[in-house]
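# no sequence for this one, just the structure:
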C-alpha cells in the first residue's frame, strides 16, 4: 500500500512556527489586557512629579501610588485565565486560533477569575506592604530583619504560585470558586514538582523585572505564561483524573465538574 502523503502544515517546523506565533499573539493580548500595569511605573512617576518611578516612603502621595499599582494588578487575573485557556488549547492541538480562544476564555471566565484572583491579590498586597514597611535592606548585622524579609518573600511566592494554579484550573475545569481555592493549596504539596517549577518561573521573571526594567514585561508575558502552561500539563492531567467525573463524550450527564471546551 502506498504511503499517504503528509498533509500541508503537519510538519514539525510548521507546528513549531505555529506555536511561536501563538505565543507572540498571547503576549500582545496579555499586554493589551494589562496596559494599566505596563504603564504603572510611568503613572507612578508622573503622580510623584519625578522623572523615574523611584518613589520614597517619605513622599506625601506614597499611599496613593501604592493604591494605583494595586489597581493595575486587578485585570491580571482574568487575563492570565484567558491566556492559560488559549495556550493550553494550543499545546493540546485543539486551538481555533489563539486570538479567538483568548477572547472566548476572557469573556467566559471574567467574573469567576476576578472572584478567584482578588483574595490572592489582597494577601500579596499585605505581604508587599509589610516588606516595604521593614526598615533598611538586607543586613547581615540584623538577622531578625533578614529572616523576616526572606520569610515574607517566600510566603509571597507561595501565594502567587497558588493564585496562578487556581487560574490555570479555572481555565480548564468548571469547579466552584471555593473548590478552586482548596485545590490550588492542595496542589502546592500534592504536586510539589509542578508547583516548584511554577514558583521558579515566577521567581526568575520577578528577578528579571526588578533587576532590569518593568518594561521587559512587554516581551516576556507570553513566553512566561507558555512556560507555566507547559510545566503544568501533568498537574492538569492529574486533576482531571482525580477530581473530575464528567466525560465530554458521554451521553448522560455526570456528577462532577466538566472539562471546559
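The structure has been received and is ready for your questions. Everything quoted here is computed from the prediction, not taken from an experiment. Numbering: from 1, shown residues only.
# From now on I want contacts and neighbour counts done on CA atoms only, so please keep to that.
OK.
# Longest helix of this protein, counting residues only.
Using DSSP state H to define each element, the chain has its longest helix at helix 98-133.
# what's the helix or strand following it packed up against?
Toward the C-terminus, helix 98-133 is succeeded by helix 143-172 as the next helix or strand (DSSP states H and E). Under the contact criterion of 3 or more Cα pairs under 8 Å, 6 or more residues apart in numbering; DSSP states H and E, helix 143-172 touches helix 76-91, helix 98-133, helix 177-190, helix 192-211.
# about what we covered before: model confidence over the longest helix of the chain, on average?
Per-residue pLDDT over helix 98-133 has a mean of 94.
# buried set for it?
For helix 98-133, a neighbour-count test (16 or more other Cα atoms under 10 Å) marks 98-99, 101-103, 105-106, 109-110, 112-114, 116-118, 120-121, 124-125, 127, 131 as buried.
# Which strand or helix spans residue 65?
helix 62-73.
# Now for the residue nearest to residue 203 when sequence neighbours are not counted, how many residues are close by?
In this structure, residue 203 finds its nearest non-sequential neighbour in residue 157, 7.2 Å apart by Cα to Cα, 6 or more residues apart in numbering. By the measure other Cα atoms under 10 Å, the count of residues near residue 157 is 19.
# residues contacting residue 157?
Applying Cα atoms under 8 Å, 6 or more residues apart in numbering to residue 157 gives the contacts 199, 202-203.
# got JSON lines for the residues you listed, with neighbour count too?
Formatted as JSON lines, these follow (neighbours: other Cα atoms under 10 Å):
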{"residue": "199", "neighbour count": "22"}
{"residue": "202", "neighbour count": "19"}
{"residue": "203", "neighbour count": "17"}
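# give me the low-pLDDT residue ranges for the stretch 51-200 of the chain?
Scanning the stretch 51-200 of the chain for pLDDT under 70 picks out 51-63, 135-142.
# 50 instead?
Scanning the stretch 51-200 of the chain for pLDDT under 50 picks out 51-52, 138-140.
# one step back: now do the longest helix of the chain against helix 76-91: the angle between them, please.
With axes from the mean of the first three to the mean of the last three Cα atoms, to 10 degrees as the basis, helix 98-133 and helix 76-91 are set at 140 degrees to each other.
# what's helix 98-133 packed up against?
Using 3+ Cα pairs under 8 Å, 6+ apart: helix 98-133 touches helix 12-33, helix 76-91, helix 143-172, helix 177-190.
# Can you verify my assumption that residue 110 contacts residue 80?
No. If you go by Cα atoms under 8 Å, residue 110 and residue 80 don't touch, sitting 10.3 Å apart.
# Residue 35: which of the helices and strands packed on helix 143-172 is closest?
Evaluated over these, closeness to residue 35 peaks at helix 76-91, with 10.0 Å, by Cα to Cα.
# Report the distance from the closest one to the chain centre.
Its chain's C-alpha centre and that of helix 76-91 lie 9 Å apart, by Cα atoms, centre = their mean, to the nearest Å.
# what kind of secondary structure is residue 245 in?
Following DSSP: H, G, I helix; E, B strand; the rest coil, residue 245 is assigned to coil.
# name the element the closest residue to residue 23 other than its chain neighbours belongs to?
Nearest in space to residue 23, with sequence neighbours left out and distances taken as Cα to Cα, 6+ apart, is residue 222 at 5.4 Å. Under the criterion of DSSP H and E, residue 222 resides in helix 217-231.
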